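> Provide a 3D model corresponding to the input given below.
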Amino acid sequence: MEYYAHSDGTKNKKFWQKLRNHLEAVADLAGKFGEKFGSKEPAFVAGLLHDIGKYSAEFQARLEGAAKRVDHSTFGAQEILSLYKKPIGYLLAYVIAGHHSGLPDGGSVADDSSLEGRLKKTGLPNCSGWTKEIASIPDSSRLRPNLRPINGQLGFCLSFYIRMLYSCLVDADFLDTERFIAAETFNRRGGWPTLSELMAHLDQYLDTMSAAAPDTPVNCLRKDILAHCREKANNQPGFFTLTVPTGGGKTLSSLAFALRHAVRHGLERIIYVIPYTSIIEQTADVFRSALGREAVLEHHSNFQYNREDDEDWQEISEKLKLSAENWDAPIIVTTNVQFFESLFANRSSKCRKLHNLARSVIILDEAQMLPTDYLKPCLAALIELVTNYSASVILCTATQPALNRLMPESICFKEIASDIDKLYEAFRRVKVSFIGEKTDAAVVEQLSRHEQVLCIVNTRRHARMLYEQLKSVGDVYHLSARMCPVHRTEKLKEIREILANGKPCRLVSTQLIEAGVNIDFPVVYRAAAGIDSVAQAAGRCNREGRLRTGHVFVFKPEKHGLPGGWFSRTAEIAGMVMREFDDPMSLAAVRRYFEYLFDIDREELDKQRILQLFRENEKHLLFPFTEVANKFKLIDSKTVSIIIPWDKEAKELIRELQFTNYPAGMARRFQPYTVQVYTYEFAELLRTRAIRTVAGMYHILDDSRYYDEQVGLLTPESTVLPEEVLIF
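All right, here's what the predicted structure looks like:
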């Protein structure tokens, strides 16, 4: 009997993919991926045996159109445990059992969805035909991983290893499926410039930019910072900090370090991680200007795919909808949410990229914004990547969090910058003052006194309210994540030109402007927030040092301007530091702020007990992958992406979407035109028929009345419709 892995949707089996060919191809790819972290053989075995459950008459009938569902993953998990004993056999059983439906919890025999339950499952089809086609498999002695658990975290170490092997398998499975059904798409993969080529491009770009820059004290300091980054790149891989004051050029300097470091030590890619989705496109554009468009992948898509990871999919064109980015580009720009949630995910669509973190340089921009509620598991994941997967991690910020006290004694941070105390003094260009409680009316009155002033607040609602009240003053602008990225970019360009020409400009913005946005105001107002946020706001004040001193005024807003929880807690701690230090931006004040924060939040640094969950049954290798994936959510409120038909290019993409066979492949192209809304807002937009859904996954704004050129996307409650105008 001939066995097949996939059909092409026709009855002519001549064009179907043979199962043996698929298994061998996936094994080769998975082995290549696993080789990066010394696990070529385990990954190869996972690839070779992952689909042996398709060696059954029932599954072959399913390919021919039979209606009965067939569980083929469970047989492979059971068989591999009979071939390889614990621990490696059990680790691989997780990988194979979950390659469609996601890594399961270890669980118990009583739970038939857990690994334990599936390993005891009976009544599976006869799949013995695999032994006739797969002649030999590697000996178990070649499958032993060389892992070093840190700080006694054996369970976390092994669970992380399972997830990395799983990544190798599911990415290889996706790619071979793509090669079979969409060879042209597969053949377009790769062809990236090398890191050595990109380093040469960046060096030329930086040297040209440096030669053209005025010989000011600030620019001289930026050159010194860049020189130190280039020099320290020869250091051995590990943990690094880059502590550079805002305005010191750390974005490109950190990239210069990363490229040199990668080339020097044979690392494979740069992962640049940013706290905000709203600024990712700006950083990616900076990198593209320096390196070329073809080198940089930005990935923060939140598009949802229906029927994700369904074991029963047979339409390969449907399966390819899950072909999310696997991060095989040389430069990746992504977000904290995308990066860390993927590290704790259990679904193939999120995990397939993880093997590409091995032998990479990971830059955490604005490292002070690592999520406090999940700080300990995030640090544990970074330690794993450095210790067992040959990565380097750089914590890059002007306000370095006091993480040393949370790290094992064996972990040492190497500072890249030279004499950071001197750097701070040299870049000190502002005076920060706390001006007490202020009503919205009082804030508006003070802002109206200044011709050029920036006001940063904590919520989109507060920004909108202040903007509306300021409009009567004139020359008022607004920025928030309610505006799609292309719209924000155009607005920022307009604002920069106005400032450069010395014209009046009063800007109200959410905190999206605090990181990665190069803009310079003489005066900044900041609603109460953590010291790190205040420091970021100060980085938008007198940024180029044109004034002797810029002024930053911190105020306590009305209740609607200071949400509870994290915001109020950090604002309160910042108030303590401001009362204790004359200069709340000093390095000593920043250190004290994080010491207070971590002490007060000590019990909250692993709020969901992620590390404890992996420790509880580590002796029995029972790991709660599904439970952890559900608990590890950096953003509590789920959001939905809305595509805004902002310009001709967006409208052309929407037209193209109607005719493509592979709509998921367009997700990256739509990112510059998306706005995130909460699910309850999405429901309201649906109710009012303001949006339509295309290809089952893209939600497009279909009513232009719900998008304002000044403030962006409007919710139905805030929309002024023509009929309402007529009433008045």
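
> lowest-pLDDT helix or strand in this structure?
Taking mean pLDDT, DSSP states H and E as the measure, the helix or strand of the chain with the lowest value is helix 722-727, at a mean of 35.

> Let me see the domain layout of this protein.
4-188, 197-300+315-418, 428-587, 639-727 (automatic domain parsing).

> list the contacts for P584?
Contacts for P584 (CB atoms under 8 Å, 6 or more residues apart in numbering) come out as V432, I531, V534, A574, V577, M578. In this view, the C-beta of every residue, glycine as well, is placed from N, C-alpha and C.

> Which residue, other than its chain neighbours, is closest to it?
What sits nearest to P584 in space, not counting adjacent residues and going by CB to CB, 6 or more residues apart in numbering, is M578, at 4.6 Å.

> quick one on the thing from earlier: output the domains of the chain in TSV; the columns should cover distance to K633.
Output for the domains of the chain, formatted as TSV (distance: least, CB to CB, whole Å):
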stretch	distance to K633
domain 4-188	16
domain 197-300+315-418	7
domain 428-587	14
domain 639-727	11
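
> Run through this protein and note the low-pLDDT ranges.
Residue ranges of the chain with pLDDT under 70: 184-185, 278, 300-325, 516, 601, 636-637, 717-728.

> go again using 50 as the cut-off
302-324, 720-728 (pLDDT under 50).

> Scan it for its longest helix.
When secondary structure is assigned using DSSP state H, the longest helix within the chain turns out to be helix 154-181.

> Tell me where the stretch 551-700 of the chain has strands.
For the stretch 551-700 of the chain, applying DSSP state E, counting those that start in this stretch gives strands covering 639-643, 674-678, 691-694, 698-701.

> nope, the stretch 1-150 of the chain is what I meant
Under DSSP E, counting those that start in this stretch, the stretch 1-150 of the chain gives strands at 4-6, 17-18.

> And these: which comes nearest G474?
With CB to CB as the criterion, G474 lies closest to strand 4-6 of the strands of the stretch 1-150 of the chain, at 63.7 Å.

> quick one on the thing from earlier: my read: the residue nearest to P584 touches G436, true?
No. M578 is not in contact with G436 according to CB atoms under 8 Å; the separation is 11.1 Å.

> looking at the strands of the stretch 1-150 of the chain, which is closest to V453?
Nearest of the strands of the stretch 1-150 of the chain (CB to CB): strand 4-6, 61.1 Å.

> Mean neighbour count added to the strands of the stretch 1-150 of the chain, as JSON lines?
Formatted as JSON lines, these follow (neighbours: other CB atoms under 10 Å):
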{"stretch": "strand 4-6", "mean neighbour count": "21"}
{"stretch": "strand 17-18", "mean neighbour count": "18"}
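
> can you list those in CSV and add distance to D440?
Below are the strands of the stretch 1-150 of the chain laid out as CSV (distance: least, CB to CB, whole Å):
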stretch, distance to D440
strand 4-6, 61
strand 17-18, 64
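
> For S82, which of these is the nearest?
strand 4-6 (22.3 Å).

> Tell me the strands beside that closest one, with direction?
strand 17-18 (antiparallel) (DSSP bridges).

> residues in contact with the partner strand?
E2, Y3, Y4, A5, H6, S7, D8, F180.

> Bridged to the third one, which residues?
Right, the one you point to is Y4. Going by DSSP bridges, Y4 forms beta bridges with K18.

> Use 53 as the first number for this chain going forward.
In the new count, where the first residue is 53, that last one comes out as Y56.

> Confirm for me that it is in contact with K66.
No. Using CB under 8 Å, Y56 is not in contact with K66, being 10.9 Å away.

> how near is A454 to F650?
As judged by CB to CB, to the nearest Å, A454 and F650 stand 7 Å apart.

> can you check V385 too?
For V385 relative to F650 (CB to CB), the value is 28 Å.

> Which one's more surrounded, the two?
The residue with more neighbours, out of V385 and F650, is V385; 26 against 18, by other CB atoms under 10 Å.

> quick one, phi/psi of that one?
Backbone torsions of V385, given as degrees, to the nearest 10, read phi -110, psi 120.

> Repeat that for S500.
Dihedral angles (degrees, to the nearest 10) for S500: phi -70, psi -20.

> need the contact list for the closest residue to it other than its chain neighbours.
Distances taken as CB to CB, 6+ apart place V525 nearest to S500, at 4.4 Å, with adjacent residues excluded. Residues in contact with V525 (CB under 8 Å, 6+ apart) are V496, L499, S500, R558.

> Keep only those of those residues that are in strands.
R558 (DSSP state E).

> so which of the contacts of V525 comes closest to L278?
Among the contacts of V525, and counting by CB to CB, the member closest to L278 is R558, at 34.5 Å.

> Check whether that closest one really touches Q498, as I assumed.
No. The pair R558 / Q498 is not scored as a contact, 10.8 Å apart, by CB under 8 Å.

> more neighbours, these two?
R558 (25 against 17).

> ok, and the closest non-adjacent residue to that one?
R558's closest residue in space is V528 (CB to CB, 6+ apart), at 4.8 Å.

> Pretty sure that neighbour sits against L522.
Yes. At 4.5 Å, V528 counts as touching L522 under the criterion of CB under 8 Å.

> Settle it for me: which of these two has more neighbours?
Between V528 and L522, L522 has the larger neighbour count (other CB under 10 Å), namely 24 against 21.

> Report the contact partners of that one.
V496, L499, S500, V528, R558, V560.

> if you set the cut-off to 6 Å instead, what comes out?
Neighbour list for L522: V496, V528, R558 [criterion: CB atoms under 6 Å, 6 or more residues apart in numbering].

> CA-only coordinates of stretch 114-129 in PDB, if you can.
Only the C-alpha atoms of stretch 114-129 are listed here, as PDB (Å, rounded to 0.1, in the frame of the first residue of the first chain):
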ATOM      1  CA  ARG A 114      -9.500  10.600   5.200                       C
ATOM      2  CA  LEU A 115      -7.200  12.000   2.600                       C
ATOM      3  CA  GLU A 116      -9.500  10.500  -0.100                       C
ATOM      4  CA  GLY A 117     -12.500  12.300   1.400                       C
ATOM      5  CA  ALA A 118     -13.800  10.200   4.200                       C
ATOM      6  CA  ALA A 119     -15.700  12.200   6.800                       C
ATOM      7  CA  LYS A 120     -14.400  10.400   9.900                       C
ATOM      8  CA  ARG A 121     -11.800  12.300  12.000                       C
ATOM      9  CA  VAL A 122      -8.400  10.500  12.600                       C
ATOM     10  CA  ASP A 123      -6.100  11.200  15.600                       C
ATOM     11  CA  HIS A 124      -2.700  10.600  14.100                       C
ATOM     12  CA  SER A 125      -0.500  12.500  16.600                       C
ATOM     13  CA  THR A 126      -1.200  10.200  19.600                       C
ATOM     14  CA  PHE A 127       0.100   7.100  17.900                       C
ATOM     15  CA  GLY A 128       3.400   8.800  17.200                       C
ATOM     16  CA  ALA A 129       3.700   9.900  20.800                       C
END
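
> Excluding chain neighbours, what is closest to H151?
H102 (5.2 Å).

> Equivalent analysis for P697, please.
In space, P697 is closest to K703, 4.9 Å off (CB to CB, 6+ apart).

> any idea how far that neighbour lies from V763?
For K703, the distance to V763 - CB to CB - is 21 Å.

> hmm, back to that, who wins for proximity to D658 among the domains of the chain?
domain 249-352+367-470 (4.1 Å).

> can you tell me the distance between the two ends of the closest one?
28 Å (CA to CA, to the nearest Å).

> Equivalent analysis for stretch 320-335, please.
By CA to CA, the extent of stretch 320-335 from end to end equals 20 Å.

> Could you list which residues are in contact with I214?
Residues in contact with I214 (CB under 6 Å, 6+ apart) are L143, Y146.

> Spell out which residues are contacts of both of V528 and L522.
By CB under 6 Å, 6+ apart, the residues touching both V528 and L522 are R558.

> those helices in the stretch 353-502 of the chain, which residues are they?
Ranges of helices in the stretch 353-502 of the chain, per DSSP state H, counting those that start in this stretch, are 368-371, 388-395, 400-403, 427-440, 472-479, 492-500.
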